[in-house]
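Asker: here is my input, please return the structure:
(4 chains)
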There are 2 protein chains.
Amino acid sequence: MNQILVVDDDRELRTTLVEVLEQEGLQAVMARSADDALERLQQETFDLILLDLVMPGTDGMTAIPLIRRQAPRTRIIVMTAYASVQNAVQSLQQGADDYIVKPFKIDGLMLTVRLNLQKARFCEETEAADLDKIFNGLANGLRRQTLQLLSRQGQMRFMDLVRALEIEDHTKVNFHLKTLREAGFIDQTSDKFYQLTTNGQRAATCLSYICKSLEASAQARPPIVP
Amino acid sequence: MNQILVVDDDRELRTTLVEVLEQEGLQAVMARSADDALERLQQETFDLILLDLVMPGTDGMTAIPLIRRQAPRTRIIVMTAYASVQNAVQSLQQGADDYIVKPFKIDGLMLTVRLNLQKARFCEETEAADLDKIFNGLANGLRRQTLQLLSRQGQMRFMDLVRALEIEDHTKVNFHLKTLREAGFIDQTSDKFYQLTTNGQRAATCLSYICKSLEASAQARPPIVP
DNA sequence: CTCCCCTGTGAAGTTTTCTTCACAAGGCCA
DNA sequence: TGGCCTTGTGAAGAAAACTTCACAGGGGAG
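Answerer: Numbering: from 1, shown residues only, chains lettered A, B, ... in the order given. The predicted structure follows:
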């Protein structure tokens, strides 16, 4: 059963939303403010949060990173009547997952909700199983470089890889290639070219996402003088 | 020196943009189409790409994930005259980093460009040094759980942590806590509560981002029947 | 005070991961 | 044919990571 939290200061709207969601067979509860929502998050977890941007007290935009911190895997869908491109971009940069404009049709909302629940569910399923593999694959610097090289180049031959990595002992590279192959990250074409598998691409994507998550801290830094 | 790629089918605009960027002391080159841009990416890397959405041939939206794959750490700024909230959201979900609406003022553009270069630079700096630490920290399931717990709870006492993790041998938890402490991910308050440091929060954020990067594959799945 | 829980340390042992070395089959070129 | 490059394999050893065990100080409850 999917737990949904509806956060809106408009009593009528949040009540309606909960009713609609429950009619669709989803479990929903409500919060009247961002602070209220954050307090609820202390006690229980939700699969998805419908978050109004404009609210008295802590506003929605400010709440996004706070929620994200508290519940890293909860989908956050921002709702607002005062939509703008800038606003939408900022919401997503803050960590929201989706953005819908009020007033919305029930069908549109439900489509968005279902899509996001689906993504959340997929995430949960793959997580436990794959995460260990992925981290093991990415735990080694040489393997990370290899994945990135292959991600950029598409496919490479063994010795080109060895030279690109600047490793003298080719058997060392061989060892890590074997590890990557056994983890299902790479395979070989019939003519011995190494390339990423779907999982390998996924792992490579992980790398770049990690980098992205490091960026957040860049905000506080002084601007670059070119 | 920062390398910037301007991708726009409007010859005049892209020429102007390059001139402006160069006046500001940045190095810029241009591409007249997404395919042109992708070809260039084969040979060289860029710190930032200014990408028009509406172009003949491969359109910008389609190009975003292709560019992202080729150059995971290049900042992608989408420019478009046909701006809409939906469009902006989709761009960012595809992997763009920012979104600006045409026509724009030079000052606004430069601000966006500088901000993104700054983030890119930060990313590059931290990457090599911290990535090994982060992956070592995240390589172990128990440590991942610990980081997530602390991220959610804020701070916890030792035995609460042990019980939450459902580990019988408390010294085992102790070992991993020590590892996390030495990696600079957690510290202790004066009254022995464990909590995440800034780096720890960063690492915890990484975890959720990794999950996000796994989601992309969820698109192809059948919808949920509740 | 005594008992028990919390919080921890350090050493010994085990397992996993990584590196290095010895060796070899196949292809290509002179 | 001989020599050299590519692309491996497998074993042995080294290093790192992880687990387990023995022990211990402090604090609170009875």
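
Asker: next, give phi and psi for the nearest residue to residue A:195 once chain neighbours are set aside.
Answerer: Spatial nearest neighbour of residue A:195, chain neighbours left out: residue A:155 (4.1 Å); criterion: CB to CB, 6 or more residues apart in numbering or on different chains. In this view, the C-beta of every residue, glycine as well, is placed from N, C-alpha and C. Phi and psi for residue A:155, reported as degrees, to the nearest 10, are phi -150, psi 150.

Asker: quick one: neighbours of residue A:155, just the number.
Answerer: By other CB atoms under 10 Å in any protein chain shown, 16 other residues sit near residue A:155.

Asker: mind listing what's buried along stretch A:72-91?
Answerer: Neighbour-count burial for stretch A:72-91 flags A:72-80, A:83, A:85, A:87-91 (criterion: 16 or more other CB atoms under 10 Å in any protein chain shown).

Asker: just those residues now: which is nearest DNA strand D?
Answerer: residue A:72 (21.4 Å; CB to the nearest atom of the strand).

Asker: for the closest one, give its distance to DNA strand C.
Answerer: 25 Å (CB to the nearest atom of the strand, to the nearest Å).

Asker: thought that residue was touching residue B:205?
Answerer: Yes - between residue A:72 and residue B:205 there is a contact at 7.2 Å, judged by CB atoms under 8 Å.

Asker: the domain parsing of chain A - what is it?
Answerer: Annotated domains of chain A cover A:3-129, A:140-215 [automatic domain parsing].

Asker: just confirm residue A:205 contacts residue B:95, I think it does.
Answerer: No - using CB under 8 Å, residue A:205 is not in contact with residue B:95; the gap is 9.1 Å.

Asker: ok, the two, which is more surrounded?
Answerer: Relative neighbour count places residue A:205 above the other of residue A:205 and residue B:95, with 23 against 20, counting by other CB under 10 Å.

Asker: which element, helix or strand, includes that one?
Answerer: helix A:198-215 (DSSP states H and E).

Asker: residue A:76 now?
Answerer: Per DSSP H and E, residue A:76 falls inside strand A:75-80.

Asker: same check on residue A:30?
Answerer: Taking DSSP H and E as the criterion, residue A:30 maps to strand A:27-31.

Asker: which parts of that strand are buried?
Answerer: Buried, per 16+ other CB under 10 Å, within strand A:27-31: A:28-31.

Asker: so what's the residue nearest to residue A:195 up against?
Answerer: Residue A:155 is in contact with A:189, A:193-195, counting by CB atoms under 8 Å, 6 or more residues apart in numbering or on different chains.

Asker: and those residues, which of them are in strands?
Answerer: The members of the contacts of residue A:155 that map onto strands under DSSP state E are A:194-195.

Asker: are any of the contacts of residue A:155 buried, and if so which?
Answerer: Neighbour counting with 16+ other CB under 10 Å marks A:193-195 as buried within these.

Asker: ok, those vs residue A:22, which is closest?
Answerer: Nearest to residue A:22 among these: residue A:195, at 48.1 Å, using CB to CB.

Asker: quick one, what contacts that closest one?
Answerer: By CB under 8 Å, 6+ apart, residue A:195 lies in contact with A:150, A:154-156, A:186-189.

Asker: show me the shaky parts of chain A.
Answerer: Applying pLDDT under 70 to chain A picks out residues A:1, A:122-130, A:208-226.

Asker: all the helices of it, residue numbers only.
Answerer: Taking DSSP state H as the test, the helices found in chain A are A:11-23, A:34-43, A:60-70, A:85-94, A:106-138, A:141-153, A:158-165, A:170-182, A:198-215.

Asker: in JSON lines: those, plus distance to residue B:5.
Answerer: Converted to JSON lines, the helices of chain A look like this (distance: least, CB to CB, whole Å):
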{"stretch": "helix A:11-23", "distance to residue B:5": "44"}
{"stretch": "helix A:34-43", "distance to residue B:5": "40"}
{"stretch": "helix A:60-70", "distance to residue B:5": "31"}
{"stretch": "helix A:85-94", "distance to residue B:5": "21"}
{"stretch": "helix A:106-138", "distance to residue B:5": "28"}
{"stretch": "helix A:141-153", "distance to residue B:5": "16"}
{"stretch": "helix A:158-165", "distance to residue B:5": "23"}
{"stretch": "helix A:170-182", "distance to residue B:5": "31"}
{"stretch": "helix A:198-215", "distance to residue B:5": "18"}
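
Asker: sweet, I'm off.
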